[in-house]
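Asker: Structure for this input, please:
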Amino acid sequence: MKTIVVSTAAAVALAGSIALAQQAATPAPMPASPRGTAATQVSGKWVVEKEGTAPRYRDGKWIIVDYGRPILRGRTDIFGAGADYGKKVNDDGPVWRAGANQTTRLKTEAPLVFAGKTLPAGEYSLFVELKPSAWTLIFSNQPSQTKYDPNNKTETFGAYNYDPKFDVLRVPMQTTVGATSWDQFTIAFLDMTQQGGTLAMGWEKTVAKVAFTVGP
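Answerer: Predicted coordinates:
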């Protein structure tokens, strides 16, 4: 009888182990708009610290953008046209969240200069005012939420509750429409040097860019 009890217990334990292993092997479901990161370093230098070794990058300053990356999933003409331009992605908001879900955030360890205007080092929310062939990039210091609270009317979630009084800097972006369609919204740093480069956004066939330099 004891042998049967021990065997039953062992079988139960084995079944539990198999179930846990199956759960561990099952990947968590992907969100509809996965989070993404665009990152670069500026103002640093490559240094050979010891003769005969590879150089190391030292004293660089990080610029990081954290954002949601919506996917077309077969949609076309995502930004629209004419009086309806931008309404589809703005979701009735005054500006676009430049992504999906939580407010897009940029953190820079170095001051950045856009169109002759300096953005101090710090952390900001990013929004875009969408007009046909005339995008405006907005840096804001309005507080933001990481989880949406409909009762919170002062902090942003995406572009909900956006208030222009918190705008720190607004700069025009150059837009182009090409033949290639970007399925997933993408933010990237292009043509980078240690003195600056270009911040770009692309989705479907529209690409918007703004150049910047590293400030003193």
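Asker: in this protein, which segments are predicted with low confidence?
Answerer: Low-confidence segments of the chain, defined by pLDDT under 70: 1-25.
Asker: Run a quick neighbour tally on the residue nearest to S33 when sequence neighbours are not counted.
Answerer: Using Cβ to Cβ, 6 or more residues apart in numbering and skipping the chain neighbours, the partner closest in space to S33 is A100 (3.6 Å). Where you see a C-beta, it was placed from the backbone N, CA and C, and this is true even at glycine. When neighbours are counted by other Cβ atoms under 10 Å, A100 registers 21.
Asker: tell me which element A100 falls in.
Answerer: Under the criterion DSSP states H and E, no helix or strand holds A100.
Asker: In contact with it, which residues are there?
Answerer: 32-33, 67-70, 158, 185 (Cβ atoms under 8 Å, 6 or more residues apart in numbering).
Asker: List buried residues within these.
Answerer: With neighbours counted using 16 or more other Cβ atoms under 10 Å, these contain these buried positions: 33, 67-70, 158, 185.
Asker: Give me the most central residue, this structure.
Answerer: Centroid check for the chain by Cα atoms, centre = their mean gives Y67 as the closest residue, at 2.0 Å.
Asker: Return the residues in contact with A38.
Answerer: 64-65, 67, 187-189.
Asker: residues of the longest strand seen in the chain that come out buried?
Answerer: Counting residues, the longest strand in the chain under DSSP state E turns out to be strand 167-193. Of the residues in strand 167-193, 167, 169-171, 173, 175, 182, 185-189 count as buried by neighbour count, 16+ other Cβ under 10 Å.
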